[in-house]
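Student: Pasting the sequence and the predicted model now:
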Amino acid sequence: MWDSCCRCLGVKSAERASQCEEAIFHAVTLSARSWRKNPRLCFGERRNQAIARTFKQSPPMLIQRSISRSLSFHRAITQMKTASLAHNSIIRHHSYFPIYSRRFFFLIPQSLPFPMSTPPFGSFAATGKESKQPIAALLQVGGVKITKDDVVRENDPANNVPDAIFSKLGMQLHRRDNHPIGILKNAIYEYFDSNYSGKFVKFDDLSPIVSVKANFDDVLVPADHVSRSNNDTYYVDAQTVLRCHTSAHQAELLKTGHSHFLVTGDVYRRDSIDSTHYPVFHQMEGVRVFCSDEWVDSGLDGTSYAAMDLKKSLEGLAKKLFGDVEMRWIDTYFPFTNPSFELEIYFQEKWMEVLGCGVTEQEILERNGKIHSVAWAFGLGLERLAMVLFDIPDIRLFWSTDQRFTSQFSEGKLGIKFKPFSKYPPCYKDMSFWISDSFTENNLCEVVRGIAGDLVEEVRLIDNFTNKKGMTSHCYRIAYRSMERSLTDEEINQLQGDVREAVQSKLKVILR
Ligand code: DAH
């Protein structure tokens, strides 16, 4: 068993072998809870895919090995194993809701040996630059003019931003008062305004083009964290990314002296395709800093005081949005907070994660001029909450310009229930190919989206096997469906033909 693990790393020593085992064990055990909660979407899944890529083995095999390491984790890991198997076979778990942050900052295996330099541009970056939609050449974001050439750079090997993503840059759904995302943002703003008498400064027009430093280093994301990979993040160039979370602005705003702020914005992540995943979504970040005289009289230390205030504040917010629901706090891990928590509410008969938060790491505060202070921070995904609050079944709908969608929402009206205007039938097309070493599902999805745009509803692995020669075949089922009209056979065949061609040429796979 170990031979195969270490051979694939090109390292044979026993020491390395045990390091590998440690890394896997660490990753697997840490991710057990997230996986259990949402096998389809949590960071653990990503990490295990990444581990599998590293070790050229499938997650179930890795998990199998870790089972022998600890009986106390046996149950959780068995559940993960089932989840992983399900993911890799036809039975994929469909959660209606994406995790608010979808994956990145949970439960990081510090010891994972990702084969990455910084920034990690591997050979697997697909560009997926083709797009059928006309793309504007100039956008205005945060008062700054951005041309397509600033963001989509054919000649920079580090660049992996496709045209379709550039076209989303100036959209700013969160700044439209009649749009569900804007309505939700305003409701949260209202909550903070009325509870903190306008103390929170609001930012919703900060450019999503940020430095790698701001996006990762300044919030202490480890150098080997999976989220830095170009499989997961859109790189404009080696030092610049499309922010993958609104936490990217924390340091900068603290440094400029802000102590109470909310940042809302579009964030970008390379991802799989289904009804809850879209490569662009919206987050809101909140930060509150306390100076020592605010907590001395409480009898608590600064951290406990901030944690108490944080929980009180966010419970109030959840009540405002969801009514009198049952809530629970779950300990978790984020690189930028300690302790870190997730808030879950019991809603529509299940526990649903609402946000992630915690007490800001002292290092972040001190580096940014907040000495003798403590702070709390939270981050929440607006689509995830809006899908629940407005009953929106497919994340692509947020981008619809169809009047039958847009006219259903109006300013200040949180919780109007979306009435589907019609449901057109999906059309399924399968494609099988032998994968290459560098193949990743995110790259495939990028290529498919580049061709089919929002007509692609889902890309799902339905078969996966390795032959005696060690070649691995994947079969993906692509669901095409428009939310606005019926698609003709001819149109779909054309799309599928173009997808096949692009997948073959861009991903170095062999079609079967
Ligand atoms: N940035 C995190 C993500 O995208 C969300 C988050 C979690 C933000 C905890 C925070 C926080 O400020 O304290 O996954």
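Tutor: Perfect, thanks for sending it.
Student: Would you confirm that residue 281 belongs to a strand?
Tutor: Yes: Residue 281 forms part of a strand when assessed by DSSP: H, G, I helix; E, B strand; the rest coil.
Student: Give me the neighbour count for the nearest residue to residue 489 once chain neighbours are set aside.
Tutor: In this structure, residue 489 finds its nearest non-sequential neighbour in residue 427, 7.8 Å apart by CB to CB, 6 or more residues apart in numbering. The way it works is simple: take the backbone N, C-alpha and C, and place the C-beta from them, glycine included. For residue 427, the neighbour count with other CB atoms under 10 Å is 21.
Student: For the one residue in the stretch 251-400 of the chain that gets nearest to the ligand, give me its contacts.
Tutor: In the stretch 251-400 of the chain, the residue that lies nearest the ligand is residue 379 (2.4 Å; CB to the nearest ligand atom). Applying CB atoms under 8 Å, 6 or more residues apart in numbering to residue 379 gives the contacts 100, 101, 245, 246, 247, 283, 284, 285, 286, 355, 356, 357.
Student: 7 Å instead?
Tutor: Residue 379 is in contact with 101, 245, 246, 247, 283, 285, 355, 356, counting by CB atoms under 7 Å, 6 or more residues apart in numbering.
Student: Could you check the pLDDT of residue 141?
Tutor: pLDDT, residue 141: 77.
Student: Please read the previous query as pertaining to residue 439.
Tutor: On pLDDT, residue 439 comes in at 97.
Student: Quick check, pLDDT for the one residue in the stretch 201-350 of the chain that gets nearest to the ligand.
Tutor: Nearest residue of the stretch 201-350 of the chain to the ligand, counting by CB to the nearest ligand atom: residue 245, 3.4 Å away. On pLDDT, residue 245 comes in at 98.
Student: That one: neighbouring residues, count only.
Tutor: Quick note: residue 245 (other CB under 10 Å) scores 28 neighbours.
Student: Just give the nearest non-adjacent residue to it, would you?
Tutor: residue 267 (5.5 Å).
Student: Surely the one you found touches residue 283?
Tutor: Yes: taking contacts as CB atoms under 7 Å, residue 267 lies within contact range of residue 283: 5.1 Å.
Student: Now do the shared contacts for those two.
Tutor: Common contacts of residue 267 and residue 283 (CB under 7 Å, 6+ apart): 245, 246.
Student: which SS class is residue 236?
Tutor: Under three-state DSSP, residue 236 comes out as strand.
Student: Name all residues that make contact with the closest residue to it other than its chain neighbours.
Tutor: Excluding its sequence neighbours, the residue lying closest to residue 236 (CB to CB, 6+ apart) is residue 151, at 5.7 Å. For residue 151, the contact set (CB under 7 Å, 6+ apart) comprises 161, 166, 169, 209, 236.
Student: what does residue 231 give?
Tutor: Contact analysis of residue 231 by CB under 7 Å, 6+ apart lists 124, 270, 440, 442, 443.
Student: In contact with the second one, which residues?
Tutor: The neighbourhood of residue 270, defined by CB under 7 Å, 6+ apart, consists of 231, 232, 233, 234, 279, 442, 446.
Student: top of the residues you listed by neighbour count?
Tutor: Counting by other CB under 10 Å, top hit in those: residue 446 with 28 neighbours.
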